[in-house]
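**Student:** Output the structure for:
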Amino acid sequence: MTEPCRDLKVDGLVNARDLGGLPLSRGGTTPRGVFFRSENIDAVTPDGWLQLHDAGIRTVVDLRQPDERARDRHLRPSWLTTTVVDLDGLESTDFWAHFWDNGLVGTALYFLPHLAAMPERMAAVLAALSGAGDGGVLFHCMGGRDRTGLVSMVLLSVVGVEPEAIVDDYLETVRLGDVRAAAADRTNEEAAIERLLAARGTTTEQAFRDALAGLDLAALLSTAGLSDRHQRVLRTWGGRGPSRQDA
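**Tutor:** Take a look at the predicted model:
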């Protein structure tokens, strides 16, 4: 039987999808309408906002840096709650010296080092996701590739999604390279990223697989200091889902 499409059809977005419907290692699938991922939502049109509302989304967790947020041109609707969590933490200059200018910030090679160096950043994201109010929660960065990919890797691992499905979700954004580039009016960078990684003896897929395999969830959740309720939400996605009230 063909699995239902997880793509989130929103005017102004090309890399948005529901993280529901993914296979769990213990059987079953992740609930739909709970957590969503996308690129920057500043290009969402009025019709697109209606589509997001109809999808049950009521909260956005914005992972971007302050200067990226400052470039936004459009207001978000009043029914939407936005929680800002700067995942990068560029003030940690010693860390970023190893990943920024050499382009590795655009690869999964920085995922595990970032979690080790700044676990409080991911902890803040997990708290925002698990502590959001009624309705679905969408999280995004700029392109919806790496910061969003890192959060998805952790979020899907905590709930127990099968590893191959986590890998495929990350690669779906990679496969959308041409579409994402056209929407942003820029060049598709995926080939350049592959060359960069090849010079380091790996690939886009393998770098992500290695990050996923090396993820220490117990240590991360212990460091995060999340309440029992927040951890329960992350492990089950229970108590979250489409809003039952008209905003």
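**Student:** List the residues that contact the residue lying closest to R26 once chain neighbours are set aside.
**Tutor:** The shortest distance from R26 to any non-neighbouring residue, by C-beta to C-beta, 6 or more residues apart in numbering, is to G160 (5.8 Å). Where you see a C-beta, it was placed from the backbone N, CA and C, and this is true even at glycine. Contacts for G160 (C-beta atoms under 8 Å, 6 or more residues apart in numbering) come out as 24-26, 235.
**Student:** Serialize the residues you listed to JSON lines and add fields for distance to M122, neighbour count and pLDDT.
**Tutor:** As requested, the contacts of G160 are exported to JSON lines (distance: C-beta to C-beta, whole Å; neighbours: other C-beta atoms under 10 Å; pLDDT from 0 to 100):
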{"residue": "L24", "distance to M122": "22", "neighbour count": "14", "pLDDT": "97"}
{"residue": "S25", "distance to M122": "21", "neighbour count": "11", "pLDDT": "97"}
{"residue": "R26", "distance to M122": "24", "neighbour count": "8", "pLDDT": "95"}
{"residue": "R235", "distance to M122": "16", "neighbour count": "14", "pLDDT": "95"}
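**Student:** list the buried ones in stretch 158-175?
**Tutor:** 158-161, 165-167, 169-170, 173-174 (16 or more other C-beta atoms under 10 Å).
**Student:** Is the residue nearest to D42 when sequence neighbours are not counted in a helix, a strand, or coil?
**Tutor:** Excluding its sequence neighbours, the residue lying closest to D42 (C-beta to C-beta, 6+ apart) is D72, at 4.5 Å. Assigned by DSSP: H, G, I helix; E, B strand; the rest coil, the conformation of D72 is coil.
**Student:** per-residue confidence at D72?
**Tutor:** D72 is assigned 97 on the pLDDT scale.
**Student:** you'd agree R232 is up against G238?
**Tutor:** Yes: taking C-beta atoms under 8 Å as the definition, R232 is a contact partner of G238 at 6.7 Å.
**Student:** So these two - more neighbours on which side?
**Tutor:** Using other C-beta atoms under 10 Å, the more surrounded residue of R232 and G238 is R232, with 14 against 11.
**Student:** That one and A108, how far apart?
**Tutor:** 28 Å (C-beta to C-beta, to the nearest Å).
**Student:** One more: F99?
**Tutor:** Noted for F99: a distance of 11 Å to A108, by C-beta to C-beta.
**Student:** pLDDT of stretch 111-127, averaged?
**Tutor:** The pLDDT scores in stretch 111-127 average 97.
**Student:** any idea which residue sits dead centre in this protein?
**Tutor:** Centroid-nearest residue in the chain, with C-alpha atoms, centre = their mean: T148, separated by 2.6 Å.
**Student:** From N15, how far off is that residue?
**Tutor:** With C-beta to C-beta as the criterion, T148 and N15 are 9 Å apart.
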